[in-house]
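> Please work out how this folds:
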Amino acid sequence: MKIHFIAIGGSAMHNLALALAHKGYQITGSDDVIFEPSKSRLKEKGLLPSEFGWFPEKIHDDLDAIVLGMHAKADNPELLKAQELGLTIYSYPEFLYEQSKDKTRVVIGGSHGKTTITSMILHVLNYHEIPVDYMVGAQLEGFDRMVHLTEVNDFIVLEGDEYLSSPIDRRPKFHLYKPNIALLSGIAWDHINVFPTFENYVEQFKIFVDSIVKGGSITYNEEDAEVREVVESSENSIRKLPYRIPDYEVIDGETLLSTPEGPMPIAVFGKHNLSNLAGAKWICQNMGVDEGDFYEAIASFKGASKRLEKIAEGPNSIAFKDFAHSPSKVKATTNAVKEQYPDRKLVACLELHTYSSFNPEFLKEYKGALDAADEAVIFFLPESVAIKKLKEVTPEQVSEAFGRTDLRIFTKAEPFHSFIKNKEYSNTTLLLMSSGNYGGLEFREVKDIIEY
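Sure, this is the predicted structure:
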């Protein structure tokens with residue numbers, strides 16, 4: 001097949017392009033800008049566009065399909081040409097469904113934890129050499145790509161994102177997968193630019209549960225009140241399988257998971273990750289992996305990229321970075337790190353970067369999110385607010401929203417970087433949380449400071 005990608009440079013899009021090229025498809029694509037690592041990975045496989053921009057002449061009747069990315073706009077010249085020619089146009093999730101409609105689809109949904117749970121499942125399956133197709137939102141150790149598609153594998157494991165499918169398809173991605181086996185980890189209001197009310201956001205998860213194939217199953221976090229209500233009130237004819245945080249203890253900075261064979265040390269930590277692990281275990285068991293084999297494999301799971309990722313460790317100090325940015329994720333991550341290292345000072349730094357985090361009403365959702373930190377720091381760039389065409393957010397608003405009078409707030413990159421680099425880290429844990437890049441902070445320099 002000949003497939004053209006409009007906006008090929010995105011994290012998800014370029015991985016799908018690489019997967020299809022590996023499968024033997026003829027791939028072309030366009031984008032107006034492509035950043036690393038997408039740029040190098042596309043170039044290595046001969047898929048990097050020769051020049052950036054949109055070129056309607058690339059769209060012709062000989063193409064079997066178009067895959068349209070969210071980065072493109074509804075008036076994109078290539079999209080308009082494809083519509084004019086009557087070509088088949090897929091959103092990213094639509095195309096994944098087309099590739100997997102004859103497989104058993106395992107879909108992991110939730111406001112938080114879905115990347116980690118999907119990663120845990122894939123780690124266990126890979127450990128036991130069980131081949132599956134997959135799509136996950138992070139680069140995993142031992143995997144070449146974030147997307148893998150074949151004609152022969154029976155299962156496909158999909159991370160089920162609730163964000164929109166494409167510029168011309170406003171449905172959440174996870175509504176399109178029609179899972180046979182599903183998981184729902186948690187519901188905490190996010191993406192307020194698309195779902196302006198909490199009720200509207202929750203409705204998307206109700207639709208997800210109702211989209212599960214009749215006779216299928218939903219594994220769900222019964223300790224999340226919203227999840228429990230959504231799942232247990234659904235009239236869909238599916239099996240409902242609850243899970244909760246397993247028993248564990250933390251001794252000298254090491255988490256020991258209770259198993260039928262006794263306490264087992266694991267590399268991930270915190271209640272949030274232990275809940276994720278419990279969900280992943282039940283999904284793996286639904287896929288034919290027995291409990292003992294799951295525990296054997298999960299002991300070596302070190303985490304997904306950017307999810308509580310250790311970036312440096314010294315004799316009595318340690319530093320983590322995490323993709324956490326929504327209120328629930330920030331609170332869970334901060335609490336987890338403090339629980340793991342209770343006798344060390346915790347310096348927790350959060351970059352406000354997303355559309356939601358700059359909304360004055362949504363900002364109030366962060367109240368108490370950094371309470372577990374001994375020193376709490378916020379970094380944001382006012383120009384980021386301006387780029388998103390939002391009203392100015394003041395340090396006073398931020399301080400009031402988090403409910404900490406001792407909150408340190410930086411609104412310029414250089415002073416924030418100087419704070420990080422010149423701090424004394426003896427008997428300290430440093431936690432950096434953001435979906436951005438902290439104004440260009442060099443993690444190599446942080447590593448040098450912590451380790452030496």
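> for the host helix or strand of residue 4, the distance to its chain's centre please.
If you go by DSSP states H and E, residue 4 is part of strand 2-6. Offset of strand 2-6 from its chain centre (C-alpha atoms, centre = their mean, to the nearest Å): 25 Å.
> and what of stretch 22-32?
Distance, centroid of stretch 22-32 to centroid of chain: 24 Å (C-alpha atoms, centre = their mean).
> Check stretch 108-119 too.
How far stretch 108-119 lies from its chain's middle: 7 Å, per C-alpha atoms, centre = their mean.
> Can you list the buried residues in the strand holding residue 4?
Neighbour-count burial for strand 2-6, counted by 16 or more other C-beta atoms under 10 Å, picks out 3, 4, 5, 6. Bear in mind the C-beta positions are built from the backbone N, C-alpha and C, glycine included.
> Run through the bridge partners of the last one.
If I follow you right, that is residue 6. residue 30, residue 68 (DSSP bridges).
> Model confidence at it, what's the number?
pLDDT for residue 6: 98.
> Equivalent analysis for the first one, please.
On the pLDDT scale, residue 3 is placed at 98.
> That one contacts residue 24, doesn't it?
No. Counting by C-beta atoms under 8 Å, residue 3 stays clear of residue 24, with 11.2 Å between them.
> Which residues outside the longest helix that the chain contains are in contact with it?
When the chain is parsed with DSSP state H, its longest helix is helix 271-286. By C-beta atoms under 8 Å, 6 or more residues apart in numbering, the surrounding residues in contact with helix 271-286 are 106, 108, 112-113, 116-117, 120-121, 124-125, 181, 183, 185, 217, 219, 221, 223, 241, 243-246, 248, 255, 257, 266, 268, 291, 294, 298, 303, 308, 332-333, 335-336, 339.
> of the residues you listed, buried ones?
Neighbour-count burial (16+ other C-beta under 10 Å) applied to those gives 106, 108, 112-113, 116-117, 120-121, 124-125, 181, 183, 185, 217, 219, 221, 241, 243, 245, 248, 255, 257, 266, 268, 294, 298, 303, 308, 332-333, 335-336.
> Among those residues, which are located in helices?
The helices, defined by DSSP H, take in 116, 117, 120, 121, 124, 125, 294, 298, 332, 333, 335, 336 from the buried ones among the contacts of helix 271-286.
> and the residues you listed, which two are the farthest apart?
Farthest apart among these by C-beta to C-beta are 125 and 335. That separation is 29.8 Å.
> Pull up the gap between the residue nearest to residue 239 when sequence neighbours are not counted and residue 323, please.
Using C-beta to C-beta, 6 or more residues apart in numbering and skipping residues adjacent in sequence, the residue nearest residue 239 is residue 217, 4.1 Å away. As for residue 217, its distance to residue 323 is 28 Å (criterion: C-beta to C-beta, to the nearest Å).
> And for residue 398?
Counting by C-beta to C-beta, the gap from residue 398 to residue 323 is 20 Å.
> Quick one: residues contacting the nearest residue to residue 406 once chain neighbours are set aside.
Ranked by C-beta to C-beta, 6+ apart and with sequence neighbours excluded, the top spatial neighbour of residue 406 is residue 376, at 7.2 Å. Residues near residue 376 by C-beta under 8 Å, 6+ apart: 348, 350, 370, 402, 404, 406, 407, 408.
> Distance-wise, check the most centrally placed residue in the chain relative to residue 330.
Centroid-nearest residue in the chain: residue 115, 4.6 Å away (criterion: C-alpha atoms, centre = their mean). According to C-beta to C-beta, residue 115 stands 16 Å off from residue 330.
> ditto for residue 181
To residue 330, residue 181 is 30 Å away according to C-beta to C-beta.
> Who is the residue nearest to residue 406 paired with across the strands?
Assessed by DSSP bridges, residue 376 has beta-bridge partners residue 348.
> Setting aside sequence neighbours, what's the nearest residue to residue 162?
Nearest non-adjacent residue to residue 162, counting by C-beta to C-beta, 6+ apart: residue 172, 4.5 Å away.
> Number of residues surrounding the one you found?
23 (other C-beta atoms under 10 Å).
> what is the mean pLDDT for stretch 105-115?
Mean pLDDT, stretch 105-115: 95.
> Stretch 78-96 too?
For stretch 78-96, the per-residue pLDDT averages 97.
> if we can go back for a sec, with distance to residue 193 as added columns, please give the buried residues of strand 2-6 in JSON lines.
Shown next, in JSON lines, are the buried residues of strand 2-6 (distance: C-beta to C-beta, whole Å):
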{"residue": "3", "distance to residue 193": "30"}
{"residue": "4", "distance to residue 193": "28"}
{"residue": "5", "distance to residue 193": "25"}
{"residue": "6", "distance to residue 193": "22"}
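> and which of these is nearest residue 53?
Within these, the smallest distance to residue 53 is 11.8 Å, found for residue 6 (C-beta to C-beta).
> so the closest one touches residue 29, yeah?
Yes. Using C-beta under 8 Å, residue 6 is in contact with residue 29, at 7.4 Å.
> Contact partners for the closest residue to residue 392 other than its chain neighbours?
Of all residues beyond its chain neighbours, the one nearest residue 392 is residue 385 (6.3 Å), with distances taken as C-beta to C-beta, 6+ apart. For residue 385, the contact set (C-beta under 8 Å, 6+ apart) comprises 358, 391, 392, 393.
> Can you tell me which of the residues you listed has the most neighbours?
Highest neighbour count within the contacts of residue 385, by other C-beta under 10 Å: residue 358, with 22 neighbours.
> Model confidence score at it, please.
85.
> check contacts around the residue lying closest to residue 193 once chain neighbours are set aside.
Spatial nearest neighbour of residue 193, excluding adjacent residues (C-beta to C-beta, 6+ apart): residue 355 at 4.6 Å. Going by C-beta under 8 Å, 6+ apart, residue 355 touches 192, 193, 388, 390.
> okay, the residues you listed in a markdown table with secondary structure next?
Below are the contacts of residue 355 laid out as a markdown table (DSSP: H, G, I helix; E, B strand; the rest coil):
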| residue | secondary structure |
| --- | --- |
| 192 | coil |
| 193 | coil |
| 388 | coil |
| 390 | coil |
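> Drop anything exposed from the residues you listed.
The neighbour-count test (16+ other C-beta under 10 Å) applied to these identifies residue 192 as buried.
> Most widely separated two among the contacts of residue 355?
Pairwise distances across the contacts of residue 355 peak at 12.1 Å for 192 and 388 (criterion: C-beta to C-beta).
> could you redo the contacts of residue 385 as CSV and give each row secondary structure?
Formatted as CSV, those follow (three-state DSSP):
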residue, secondary structure
358, helix
391, coil
392, coil
393, coil
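> ok, residue 55 to residue 68 distance?
15 Å.
> between these two, which one's more packed in?
residue 68 (28 against 14).
> residues contacting that one?
Counting by C-beta under 8 Å, 6+ apart, residue 68 touches 6, 7, 79, 89, 90, 91, 92, 166, 167, 168.
> and the fifth one, that one's in a helix?
No. Assessed by three-state DSSP, residue 90 does not belong to a helix; its assignment is strand.
> For it, list each beta-bridge partner.
With DSSP bridges as the rule, residue 90 is bridged to residue 67.
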